[in-house]
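Peer 1: just need the structure, nothing else, for what follows:
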Amino acid sequence: MLFLLFNDFATAQNLIQDSCKKAAASNPKIKLDFCVKTLEGNPQSKTAKTLADLVMASTENAATKMTSLKAMADKTLKGKKFAKDSEMPLHDCLELYTDATASLNEAMASIKSRKYKTAKVGMSAAMDAPSTCETGFKERKTPQKSPFTNDNDVLSQTLSVTLALTTMLK
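Peer 2: Numbering: from 1, shown residues only. Sure, this is the predicted structure:
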């Protein structure tokens with residue numbers, strides 16, 4: 001029994017390593033270390049037996065991060081503790097995160113039904129949310145610092161990994 005558990009873990013580890021190497025080779029924006037750490041840190045990825053399992057785990061992880069950012073934007077707006085010039089970009093970010101969460105949920109449904117091209121469309125739509133949110137703060141009359149910069153950077157990397165892995169599915 002212990003051997004079977006170890007064998008499943010070793011299979012997932014090899015799948016993660018191999019998939020991340022291919023993803024990093026396919027896109028210079030993907031950092032191999034980030035890909036491996038993100039996937040190894042996800043309990044669902046650790047039990048993945050196929051690339052499709054890994055894609056689902058990665059997509060769910062991205063959706064969770066997006067939902068968390070949506071909640072942060074909502075909390076910030078409700079708390080009314082922000083610079084006056086930040087209200088509009090905060091509302092924009094909330095809307096972007098809401099739409100991107102829906103896109104990722106649609107992508108997960110497409111993955112489950114093996115419609116990988118459709119899944120890629122949803123992921124691609126979600127990819128714009130973090131950078132567009134950041135741009136909204138920078139392009140104010142008085143440029144603002146986004147309270148989400150670090151989280152948006154992590155989310156952008158996570159989405160890039162997820163899209164690259166999905167592209168590997170046939």
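Peer 1: mind telling me what element the most centrally placed residue in the chain is part of?
Peer 2: Central residue of the chain (CA atoms, centre = their mean): residue 62, 2.9 Å from the mean position. Residue 62 belongs to helix 51-79 when assigned by DSSP states H and E.
Peer 1: got the buried residues for that helix?
Peer 2: Under the neighbour-count criterion of 16 or more other CB atoms under 10 Å, helix 51-79 has 51-63, 65-67, 69-70, 72-73, 76-77 buried. All C-beta spots, glycine's among them, are computed from the backbone N, C-alpha and C.
Peer 1: and it, what does it pack against?
Peer 2: With contacts defined as 3 or more CB pairs under 8 Å, 6 or more residues apart in numbering; DSSP states H and E, the packing partners of helix 51-79 are helix 2-26, helix 32-40, helix 43-46, helix 87-112, helix 116-138, helix 149-168.
Peer 1: chain center to the shortest one: distance?
Peer 2: Looking back up the chat, that one is helix 43-46. Taking the mean of its C-alpha atoms, helix 43-46 sits 15 Å from the chain's own mean (CA atoms, centre = their mean, to the nearest Å).
Peer 1: and the helices and strands packed on helix 51-79, which one averages the lowest pLDDT?
Peer 2: The minimum mean pLDDT among these belongs to helix 2-26 (a mean of 73).
Peer 1: touching stretch 155-166 from outside, list them.
Peer 2: 19-20, 22-23, 26-27, 29-31, 34-35, 38-39, 51, 54-55, 58-59, 61-62, 65-66, 69, 107, 111, 116, 119-120, 123-124, 126-127, 129-131 (CB atoms under 8 Å, 6 or more residues apart in numbering).
Peer 1: export only the CA atoms of it, formatted as PDB.
Peer 2: Only the C-alpha atoms of stretch 155-166 are listed here, as PDB (Å, rounded to 0.1, in the frame of the first residue of the first chain):
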ATOM      1  CA  LEU A 155      -1.900  35.500 -10.800                       C
ATOM      2  CA  SER A 156      -0.500  36.400 -14.200                       C
ATOM      3  CA  GLN A 157       2.200  33.800 -13.900                       C
ATOM      4  CA  THR A 158      -0.300  31.200 -12.700                       C
ATOM      5  CA  LEU A 159      -2.600  31.900 -15.700                       C
ATOM      6  CA  SER A 160       0.400  31.700 -18.100                       C
ATOM      7  CA  VAL A 161       1.300  28.300 -16.700                       C
ATOM      8  CA  THR A 162      -2.300  27.200 -16.900                       C
ATOM      9  CA  LEU A 163      -2.700  28.300 -20.500                       C
ATOM     10  CA  ALA A 164       0.600  26.700 -21.500                       C
ATOM     11  CA  LEU A 165      -0.300  23.400 -19.900                       C
ATOM     12  CA  THR A 166      -3.700  23.500 -21.600                       C
END
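Peer 1: all good on my end, thank you.
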